[in-house]
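In: The amino acid sequence is not available; the structure is as follows:
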């Protein structure tokens, strides 16, 4: 299992605490592959973008118009976090009660 996120993100820290056996990947240091981004976009659409974030609010309007995959490649911190890839290759995004319940057995 892999947790993609940011080292200083509170929700990523919470996920790491619960999923102690999971490997953590900082998306600023090791960006998600184009294939992984495409799968996330296919599954979640623009809901993958954290539009409440400081990063989003400070983005120039021209950058907000970029195709989603280019936007997330240029600004990985815009993604909702954590992104958890389970042993079957399926992704979960965020750290909600539903996701916590799903992974507590791991």
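Out: Here it is on my side, so go on. The model shown is predicted, which means the values in this text are computed figures rather than measured ones. Residues are numbered from 1 along each chain as shown.

In: what's the helix or strand for the residue located most distally from the centre of the chain?
Out: If you look at how far each residue of the chain sits from its centre, by C-alpha atoms, centre = their mean, the farthest one is residue 62, at 22.7 Å. If you go by DSSP states H and E, residue 62 is part of helix 61-64.

In: following the lengthiest helix in the chain, which helix or strand comes up?
Out: For the chain, the helix reaching the highest residue count under DSSP state H is reported as helix 34-44. Next along the chain after helix 34-44, taking DSSP H and E as the criterion, comes helix 54-58.

In: Give me the residues contacting that next one.
Out: 49, 50, 64, 75, 77, 78 (C-beta atoms under 8 Å, 6 or more residues apart in numbering). Where C-beta positions appear, they are placed from N, C-alpha and C, glycine not excepted.

In: Just flag the most distant two among those residues.
Out: 64 and 77 (14.5 Å; C-beta to C-beta).

In: neighbour-wise, which of those two wins?
Out: residue 77 (16 against 12; other C-beta atoms under 10 Å).

In: shaky segments in this structure?
Out: 105-106 (pLDDT under 70).

In: and if we set it to 80?
Out: Applying pLDDT under 80 to the chain picks out residues 104-106.

In: before we move on, the earlier item: list the buried residues for the longest helix of the chain?
Out: For helix 34-44, burial by neighbour count (16 or more other C-beta atoms under 10 Å) applies to 36, 37, 39, 40, 41, 44.

In: Can you tell me which of those comes closest to residue 83?
Out: Checking these one by one against residue 83 (C-beta to C-beta), the nearest turns out to be residue 40, at 6.9 Å.

In: Was I right to think the closest one contacts residue 90?
Out: No: assessed by C-beta atoms under 8 Å, residue 40 is found out of contact with residue 90, at 10.8 Å.

In: on that earlier part again, which residues does the longest helix of the chain contact?
Out: Taking C-beta under 8 Å, 6+ apart as the rule, helix 34-44 contacts 32, 48, 68, 69, 72, 73, 79, 83, 85, 91, 93.

In: again, 6 Å this time
Out: 48, 68, 69, 72, 91, 93 (C-beta atoms under 6 Å, 6 or more residues apart in numbering).
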